[in-house]
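Participant: Compute the structure for the input listed below.
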Amino acid sequence: MPPGYRLPRAALAALIALAAAPLISFLPMEYLGPLPEWRTMLVENWGIALPTSGTSQPWVTFEAWLLMVSGLVWFTWCVSRGSTVDDRRTVGRLLVAGCSGIAVLTLLHKAGMIEILWWKFPPELGQTFGPFANRNHTSSLMAIASVLCAAVSYDCYRNKQRHWFLFLPMLIPLFIVIISNTSRAGVLLFFLGMTAWVWTAAMRKSFFKKVAVASAFFLSGISLVVILGGSLSERFGSGLPKPGRDSPFDARSAIYSDVVKLTSTTPWAGLGLGCFSEAYPHLASFHEPRVRFIHPESDWLWITAEGGMLSVMALATAFVLFALMTGPWAGSRNDESNSRQDRRLRQAAGIGALIAAAHGVVDVPNHSLGYGLVSSLMLALAIRPSRVSTPATWIDRAVFRALGLAVLACGVSWLAIAMGVPAVPGASTSRLLSQQARKLSGQSHDGEAMKVVERAISMNPLNWTLYFLRAQLHLRLKHPEQTAMLDFGRARAIEPHYAQMCIEEGHVWLDYQSRFAIQAWSEFLRRHPERTDYYSMLLGLVHSTPDLKMEARKIATTPILKLVYLRYCDRGPEFEAVVSDLILQQPSLDGLEPEEKVELFRLWQQRGDRSKLKAMLQKFPAWLQDGWMVMCEELAKDGDYEGAYRLATHYQLPPISPSVSTLADIGQLEQAFLFNPTDPRRGIDLYFAQKSKLQWNGALATLDKVASLPNSPPYVFYEMASVYAQKEDYRKAWELVARFLAAPK
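Facilitator: Model prediction:
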């Protein structure tokens, strides 16, 4: 079905420029600017074979370019074929029915009632929901379909067709998916899209009245979702700006800033399609050791970074030109094609395209093939037929037939790769070869696996997992350990901030050369110093091997890591040496949380020199803020009960204050407690009255009775201690305070 019309020359030129601009990255780097330092480092220091072209991975870029061109061919065909009112109506109904079916399948899949094998995604992607790895993309697609559903239903109603009974209920599963998906973007896009559709549908009559209704609908919907949305409302609350770079907003802004800086290194040609994730860690200032950034959280920034400013200018020009071919500004109201029915359908499609473009500012939905094809179709359906009215020539049809055959060939190639046949080189074939190599290695065919991995590396030379796998194969084949170390080093050099690989490397080395495992875990702690649990795991593995334990001690370079090491030390010189190192490094114990300082003092008290601990607590008053309890115990052990009691009451304030008036009649309170002997509150009231009258013996006797009750509050012991302190029996006072402090709060 070749198209029946020809695009305007300006629009066609913009699409051709968009397709051609990424090819500039295949030129030698000397024509595009200086070679980035990180590429020079990988080549000269690690011997990684990289080309001299602008793109560091030509085969990866070529495959990504084929995918992009396939999408452009699809969009061009959708625009050029020509669409009548009936065409738009048919396509809209099919899309609504199809997306509603996907919504139903999504809900059934989530409920566990059906299983869709190709909707399973790796666990590291987090919570997924629906056909896309990113749940926001699923919700965004449902929002587009919801606008179309409203438009199609209204179109049926205005044409007095009963089909609207079929289409309007389809809005229900679409909206349920958006709500149950807990996607903030999906909810906002849904209500914004529906509000925009009501606005545009009201352009001719009662405009301001309908705008007011649409605005009320939008605000009421958002309020209802926030109030009744459950986990969704929690996500809205969690998304509010917070200070610090841990906030999602701050993290995105940091990534966006880094992408702009990254783009400035090769502003015109870009990094090369498909090469963002390998270049970002070397040029960015914001990193997260737990994850790898495979995209910049924005469709627009992604094409800017990989395609360069030439691609951005071509894309922006094309977008503006096609936007001008839609809407009321594209032609006269007297055009026959501008019937109200056609206008409403085109406006709904335009809103769908706008939703996709707007979502692409803060996410990457249009880089997913399925979503991108739908958003392209939406924009094509929004264009006025009068703007694409020049009949196509036989040359146009021939070109489209050739392009169709080329896209078909690409599809066959990708299908072959999905079926396990490495048809054409590229990132997809590299992933396939990596999977085949792992399978061969699992079957003890390590030699064959090595050849497969090297072939994959030639296609995707900046994929760190390939070097990691090759290093393991070197060890299995009993090649020199230095060869394996070199490949592990290459993997680290390619990903200089991602930490998890170092843990995996350490586990690999345990089966071959344990001291190298220590080095790998040392690199992990350098990249991710707050993960002390992994250091603790390491110490548990090497605790019984003195030499390895000593090596593990060397990588404890921070106070918290030294504290973790102390947990595995017995009483003796080693414990004292580590404590001395810690104090020498950080006398104020900065870097330790209060509970960690308490743990340090406890370990020191149990396994170290108690006299030195006591002297240090006296020397550094700031230590007493957290270690006063330990100091109290040491004073008590030395017989200084008064000092222990006074120090404890200095840091532990009285838990309660008198609850009765000093004028209360003691006789009445005694009688009340006598008739309610199991009520500690009566006894405590009597105690405070006696205490106010300085009747210490009576107050103490009352507290003895209260303390014997099974429901007696712990602060009774604190009050008893204060009475014994008044009687100057500090040993008993300290024992009671210690009992109060040990009681569960």
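
Participant: Following the chain onward from the lowest-mean-pLDDT helix or strand in the chain, which element is next?
Facilitator: Lowest by mean pLDDT, DSSP states H and E among the helices and strands of the chain is helix 231-238, with a mean of 49. Toward the C-terminus, helix 231-238 is succeeded by helix 248-263 as the next helix or strand (DSSP states H and E).

Participant: what helices or strands is the following helix or strand past that following helix leaning on?
Facilitator: Moving toward the C-terminus from helix 248-263, the next helix or strand (DSSP H and E) is helix 276-283. Counting contacts by 3 or more Cβ pairs under 8 Å, 6 or more residues apart in numbering; DSSP states H and E, helix 276-283 is packed against helix 37-46, helix 248-263, helix 299-324. To be clear about C-beta, it is placed using only N, CA and C from the backbone, and glycine gets the same treatment.

Participant: Please name whichever of the ones you listed is nearest to residue 340.
Facilitator: helix 299-324 (21.4 Å; Cβ to Cβ).

Participant: Return the set of buried residues in that closest one.
Facilitator: 299-315, 317-318, 321-323 (16 or more other Cβ atoms under 10 Å).

Participant: One more: stretch 382-394?
Facilitator: Buried, per 16+ other Cβ under 10 Å, within stretch 382-394: 382-385, 387-388, 392.

Participant: Distance to residue 79, secondary structure and pLDDT added to those, as CSV?
Facilitator: Output for those, formatted as CSV (distance: Cβ to Cβ, whole Å; DSSP: H, G, I helix; E, B strand; the rest coil; pLDDT from 0 to 100):
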residue, distance to residue 79, secondary structure, pLDDT
382, 10, coil, 93
383, 6, strand, 93
384, 11, coil, 90
385, 10, helix, 87
387, 9, helix, 89
388, 6, coil, 90
392, 12, coil, 93
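
Participant: Among those residues, which one sits closest to residue 550?
Facilitator: Distances from residue 550 to the buried residues of stretch 382-394, taken by Cβ to Cβ, are shortest for residue 382, at 70.2 Å.

Participant: from memory the closest one sits against residue 349, does it?
Facilitator: Yes. In this structure, residue 382 is within contact of residue 349 by Cβ atoms under 8 Å, at 4.3 Å.

Participant: what residues are shared contacts of the two?
Facilitator: Listed contacts common to residue 382 and residue 349 are nil; contacts here mean Cβ atoms under 8 Å, 6 or more residues apart in numbering.

Participant: picking up where we left off before, ok, so of the buried residues of stretch 382-394, who is nearest residue 282?
Facilitator: Here the nearest of the buried residues of stretch 382-394 to residue 282, counting by Cβ to Cβ, is residue 382; it sits at 40.9 Å.

Participant: Can you pull out the low-pLDDT segments for the stretch 151-300 of the chain?
Facilitator: Within the stretch 151-300 of the chain, the segments meeting pLDDT under 70 span 202-249.

Participant: what does the stretch 451-600 of the chain give?
Facilitator: Regions of the stretch 451-600 of the chain meeting the criterion pLDDT under 70 are absent.

Participant: give the contact list for residue 744.
Facilitator: By Cβ under 8 Å, 6+ apart, the neighbours of residue 744 are residue 714.

Participant: so who does residue 97 touch?
Facilitator: Residue 97 neighbours (Cβ under 8 Å, 6+ apart): 167, 170.

Participant: what's the average pLDDT for whichever strand or helix holds it?
Facilitator: Here residue 97 sits within helix 85-110, counting by DSSP H and E. Across helix 85-110, pLDDT averages out at 94.

Participant: likewise stretch 351-362?
Facilitator: Mean predicted confidence for stretch 351-362 is 94.

Participant: where along the stretch 451-600 of the chain do the helices fall?
Facilitator: Shown for the stretch 451-600 of the chain, the helices assigned by DSSP state H, counting those that start in this stretch span residues 464-476, 481-494, 500-510, 514-527, 532-542, 546-554, 559-566, 573-585, 594-607.

Participant: Please identify the deepest-packed of the ones you listed.
Facilitator: Comparing the helices of the stretch 451-600 of the chain on average neighbours per residue, with mean count of other Cβ atoms under 10 Å, the densest one is helix 464-476 at a mean of 22.

Participant: For the chain, identify the residue most remote from the centre.
Facilitator: residue 667 (67.1 Å; Cα atoms, centre = their mean).

Participant: ok, and what's touching the host helix or strand of it?
Facilitator: According to DSSP H and E, residue 667 maps onto helix 666-675. By Cβ under 8 Å, 6+ apart, the residues outside helix 666-675 that reach it are 660, 679, 682-683, 685-686, 689-690, 693, 695, 702, 705.

Participant: Can I get it in CSV? Just the C-alpha atoms.
Facilitator: Output of helix 666-675 as CSV, limited to C-alpha atoms (Å, rounded to 0.1, in the frame of the first residue of the first chain):
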residue,chain,number,x,y,z
ILE,A,666,-2.3,12.9,102.2
GLY,A,667,-4.9,11.1,104.3
GLN,A,668,-7.4,11.0,101.5
LEU,A,669,-4.7,9.8,99.1
GLU,A,670,-3.7,7.0,101.5
GLN,A,671,-7.4,6.0,101.7
ALA,A,672,-7.8,6.0,97.9
PHE,A,673,-4.7,3.8,97.5
LEU,A,674,-5.8,1.5,100.3
PHE,A,675,-9.2,0.9,98.6
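
Participant: For that helix, what does the pLDDT average out to?
Facilitator: 82.

Participant: Which elements pack onto the helix or strand that that helix is followed by?
Facilitator: Per DSSP H and E, helix 666-675 leads on to helix 680-692 as the next helix or strand towards the C-terminus. When contacts are defined as 3+ Cβ pairs under 8 Å, 6+ apart, helix 680-692 packs onto helix 666-675, helix 696-707, helix 715-726.

Participant: re earlier: indicate which one of the helices of the stretch 451-600 of the chain is closest to residue 80.
Facilitator: helix 464-476 (41.8 Å).

Participant: Give me the contacts around the closest one.
Facilitator: 430, 434, 437-438, 441, 446, 449-450, 453-454, 456-457, 460, 480-481, 483-488, 490-492, 494-495, 498, 501, 504-505, 508, 511-512.

Participant: just stretch 708-728 next, same as before
Facilitator: With Cβ under 8 Å, 6+ apart, stretch 708-728 has contacts from 645, 649, 652, 654-656, 678, 680, 683-684, 687, 691, 696, 699-700, 703-704, 706-707, 730, 732-737, 739-740, 743-745.

Participant: just how off-centre is that stretch within its chain?
Facilitator: Averaged C-alpha coordinates place stretch 708-728 at 52 Å from its chain's average position (Cα atoms, centre = their mean, to the nearest Å).

Participant: Tell me how confident the model is about that stretch, as a mean pLDDT.
Facilitator: In this model, stretch 708-728 has a mean pLDDT of 84.

Participant: what does stretch 57-75 give?
Facilitator: Taken as a whole, stretch 57-75 has a mean pLDDT of 97.

Participant: about what we covered before: please list only the buried members of the contacts of stretch 708-728.
Facilitator: Buried among these (16+ other Cβ under 10 Å): 645, 649, 680, 683-684, 687, 691, 699-700, 703, 706-707, 730, 732-737, 739-740.

Participant: Let me see the backbone angles for residue 591.
Facilitator: Backbone torsions of residue 591, given as degrees, to the nearest 10, read phi 100, psi -10.

Participant: Please tell me how far the closest residue to it other than its chain neighbours sits from residue 608.
Facilitator: The shortest distance from residue 591 to any non-neighbouring residue, by Cβ to Cβ, 6 or more residues apart in numbering, is to residue 559 (4.3 Å). According to Cβ to Cβ, to the nearest Å, residue 559 and residue 608 sit 16 Å apart.

Participant: How about residue 476?
Facilitator: From residue 476 to residue 608 the distance is 45 Å (Cβ to Cβ).

Participant: Over to residue 526?
Facilitator: Residue 526 sits 28 Å away from residue 608, going by Cβ to Cβ.
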